[in-house]
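Peer 1: here is a sequence together with a model predicted from it:
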Amino acid sequence: MNVVAPPPQDELELLIREARARQRVRRLKFAAGVAVLAAAGLSVWAAIPGGVSGAPGGRGRPSAAASARQIESAGRRIPIIAFGSGGPVTWAANGVGLWLTTNGGRTWRLLVPRDVAATGDPVARVLAADFVDARHGWISVDDVLGGFRRPSRSASLRHMEIDRTTDGGRTWRASIPPGCFESCTGARLDFLDTRHGFALVDVESGGGKLFATRDGGATWTLVARTTWRGSFAFFNEHDGVTADHHTVRVTTDGGRHWVRGGQIPPTFSGIRPVGRHLVLFGLRHLRLVAYTSEDGGRHWSARVAPAWVQPGLPDNDEAISVPTASDWVVPADPRLFVTHDSGRTWHVVRPADLPRGWSIAQIELTSPRVGWAIFREGGAHAVRSVLVRTTDGGVHWTPAGPRAHRK
């Protein structure tokens with residue numbers, strides 16, 4: 001279950017820069033390449049090196065300096081701007097398209113619906129993605145140049161749709177939630193299984209609409225109109241939780257009615273569900289505070305991190321990783337603050353392979369030892385970013401993204 005939220009502004013500028021560059025440089029060649037991919041059923045595969053297991057410094061592992069050089073070299077490819085991971089399934093987006101791997105990044109498949117590829121800049125239209133297994137997945141698509149963000153309200157025409165695949169992205173079918181043609185601006189997705197899911201859709205006139213599906217996204221039913229657009233998660237068809245501004249809300253009737261479940265600080269990370277256990281993070285007097293709930297969001301307890309745990313402001317859902325209810329990872333360049341006991345004690349992990357001057361733009365661990373991150377060069381004007389993978393809890397990282405080179 002992945003909830004995709006808008007990335008920082010530098011990643012948006014990076015995407016727009018890539019899109020404009022492709023239009024200026026060999027535009028005809030790129031368009032022909034997209035057509036060939038579509039005609040071939042989009043069965044493009046890319047072999048890449050996967051994560052390296054074993055003890056740090058063991059046989060076969062390059063030195064930290066050599067690994068950092070590999071990451072810098074990988075950054076010359078088209079940058080990865082976003083990714084999501086759930087168990088064995090990981091997707092990533094760059095300036096070529098949306099990709100999927102089910103083997104830890106050793107091979108990737110290009111996932112681009114034909115109507116999306118026909119626009120000439122496929123990834124710019126994809127706003128969110130969610131996969132429950134290697135075959136079943138969904139993407140939220142918009143006409144307007146968005147690139148994992150809510151499009152500008154100045155656009156005069158919108159066509160939002162939710163595309164679904166049941167064969168790992170080889171074929172796609174589209175549906176439009178009722179009342180969303182030319183009036184909605186994108187959707188956050190949360191699927192429970194191959195048939196049941198929810199979509200929180202932004203409405204151009206303000207607020208949002210919550211839709212539900214029981215047939216894998218073929219049809220959608222309006223559940224409720226909302227005043228919030230924030231992070232949300234459902235545990236089953238009836239029980240769910242959302243966080244927006246200062247308030248947590250919970251539902252027990254599939255989203256039709258919501259009641260207050262607690263107060264949170266104005267700045268917080270997205271909700272991270274582990275079963276019915278919930279974790280979100282905020283700042284209180286410049287101190288990191290973890291808010292946890294054991295009952296689906298009705299009651300919360302707060303745990304203040306030590307003063308020396310000083311992360312950056314958690315301003316998006318990807319700022320902090322929660323692979324289990326007790327294992328939390330907080331990035332603070334060039335370190336990771338890690339706890340294995342729900343915040344009672346903390347220690348520092350220093351990524352040995354993070355190149356000098358680079359930062360950790362996004363991180364998501366699927367277990368205490370295995371996970372993914374985006375390493376990015378520089379700040380707001382970064383031109384290189386790399387998808388990397390770890391198998392030892394963040395100490396060592398290896399380039400693991402699709403081999404999509406500039407045209």
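Peer 2: Everything's here; your move. Keep in mind it's a predicted model, so treat the numbers as computed, not measured. Numbers count the residues shown, from 1 in each chain.

Peer 1: burial check on the closest residue to Val388 other than its chain neighbours, number of neighbours?
Peer 2: Of all residues not flanking Val388 in the chain, Trp397 sits nearest, at 4.1 Å (CB to CB, 6 or more residues apart in numbering). All C-beta spots, glycine's among them, are computed from the backbone N, C-alpha and C. Per other CB atoms under 10 Å, the neighbour tally for Trp397 reads 28.

Peer 1: same question, Ala64
Peer 2: Number of residues near Ala64 (other CB under 10 Å) recorded here: 18.

Peer 1: now do Gly197
Peer 2: Counted with other CB under 10 Å, the neighbours of Gly197 add up to 27.

Peer 1: thinking again about what came up before, and the residue nearest to Val388, what does it touch?
Peer 2: Residues in contact with Trp397 (CB atoms under 8 Å, 6 or more residues apart in numbering) are Ser67, Ile71, Pro351, Ala352, Asp353, Leu354, Ala373, Phe375, Val388, Arg389, Thr390.

Peer 1: could you rerun that using 7 Å?
Peer 2: Pro351, Asp353, Ala373, Val388, Arg389, Thr390 (CB atoms under 7 Å, 6 or more residues apart in numbering).

Peer 1: ok, Arg376 next?
Peer 2: Neighbouring residues of Arg376 by CB under 7 Å, 6+ apart: Trp358, Ser359, Ala361, Ala382, Ser385.

Peer 1: which regions of the protein sit below the pLDDT cut-off?
Peer 2: Residue ranges of the chain with pLDDT under 70: 1-61, 87, 114-124, 143-159, 245, 263-267, 312-319, 378-382, 404-407.

Peer 1: let's see that with 50 instead.
Peer 2: Applying pLDDT under 50 to the chain flags the ranges 1-59, 145-156, 315, 405-407.

Peer 1: where do the helices sit along it?
Peer 2: 9-24, 27-39, 64-74, 114-117 (DSSP state H).

Peer 1: hang on, the earlier thing: just give me the closest of the contacts of Arg376 to Gly206.
Peer 2: Ala361 (30.3 Å; CB to CB).

Peer 1: number of nearby residues for the closest one?
Peer 2: 27.

Peer 1: surely it and Ile374 touch.
Peer 2: Yes. Counting by CB atoms under 7 Å, Ile374 is a contact partner of Ala361 at 4.4 Å.

Peer 1: identify the contacts common to these two.
Peer 2: Ser385.

Peer 1: and the spatially closest residue to Arg76 that is not a sequence neighbour, how many residues sit next to it?
Peer 2: Using CB to CB, 6+ apart and skipping residues adjacent in sequence, the residue nearest Arg76 is Arg384, 6.9 Å away. If you count neighbours by other CB under 10 Å, Arg384 ends up with 20.

Peer 1: tell me where the stretch 301-407 of the chain has strands.
Peer 2: Residue ranges of the strands in the stretch 301-407 of the chain, as given by DSSP state E, counting those that start in this stretch, are 301-304, 328-332, 335-339, 347-349, 358-365, 371-377, 385-390, 398-399.

Peer 1: end-to-end on stretch 280-289?
Peer 2: End-to-end distance of stretch 280-289 (CA to CA, to the nearest Å): 9 Å.
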